[in-house]
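Peer 1: Here is a sequence together with a model predicted from it:
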Amino acid sequence: MRWIVLTVLFTVHCSLFTSPARAQQFFNLTAPEVRIDTLLPAFHYAHPLDEHYGDSTYTVEITYPEFIDMSDADIERYKHLSGRPLGALPEITQSLSVSRKQGTLHIGFVPLVYREGKYQKLVSFKLEVKGVKEVKGVKGVKGVKGVKGVKGVKGVKDDRNDYDKSCARK
């Protein structure tokens, strides 16, 4: 019995410390959070990143979305405030900030959509944040200097001929 309790505690402990670079968070928005009055509703979330935030590119995806239909009054208020065409999923904005060597990914969007011929509010969803490590030193990239043997790429000098001439002299 004691081992079962310890195993469960260990499992819960390990699940709490998942990597922030690939994290998922589930959100439920309340009626006041998606209300349209004098301003459009806005969702904002600050996602903490691990200490290697600088060598990664981050993408954010909305998964498992749930919607409710907007009332006629909400649609009129939306058209009065913005009138911009809405997509099937909200347009996500993201930015990276650093404070005291800790990276934070700021995520935001307006939780309104136009799907299946209806204006709707996004009321429940999961945010999936993925961090992909950037590869440095890739040959053949525009503007890379000092890479030998690459032809036809702007900003890269091809000095294979210089190498061949120096070998022929020896």
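Peer 2: Happy to help now that I have it. Numbering: from 1, shown residues only.
Peer 1: ok, and for stretch 104-122, which residues are buried?
Peer 2: Buried positions in stretch 104-122, judged by neighbour count with 16 or more other C-beta atoms under 10 Å: 104-105, 107-113, 119-122. From N, CA and C alone the C-beta is placed, and that goes for glycine too.
Peer 1: my bad, stretch 57-70
Peer 2: By 16+ other C-beta under 10 Å, the buried positions in stretch 57-70 come out as 58, 60, 62, 65, 67, 70.
Peer 1: All the helices of the chain, residue numbers only.
Peer 2: All helices of the chain, identified by DSSP state H, fall at 2-16, 72-81, 160-169.
Peer 1: Which of those helices has the lowest mean pLDDT?
Peer 2: The weakest mean pLDDT among these belongs to helix 2-16, with a mean of 36.
Peer 1: Between all of the buried residues of stretch 104-122, which two are separated the most?
Peer 2: Distance extremes for the buried residues of stretch 104-122: the farthest pair is 104 and 119 at 32.3 Å, using C-beta to C-beta.
Peer 1: Settle this for me: residue 121 is touching residue 67, isn't it.
Peer 2: Yes - under the criterion of C-beta atoms under 8 Å, residue 121 makes contact with residue 67 at 6.4 Å.
Peer 1: which residues does the residue nearest to residue 91 when sequence neighbours are not counted bridge with?
Peer 2: Sequence neighbours aside, residue 109 is the residue nearest to residue 91 in space, at 6.1 Å (criterion: C-beta to C-beta, 6 or more residues apart in numbering). Per DSSP bridges, the residues bridged to residue 109 are residue 43.
Peer 1: ok, now which ones touch residue 109?
Peer 2: Contacts for residue 109 were tallied using C-beta atoms under 8 Å, 6 or more residues apart in numbering; they are 42, 43, 90, 91, 92, 93.
Peer 1: now with 10 Å?
Peer 2: Shown in contact with residue 109 (C-beta atoms under 10 Å, 6 or more residues apart in numbering): 41-45, 60, 62, 89-94, 122, 127.
Peer 1: which of these tops the neighbour count?
Peer 2: Counting neighbours by other C-beta atoms under 10 Å, the top entry in those is residue 122, with 23 neighbours.
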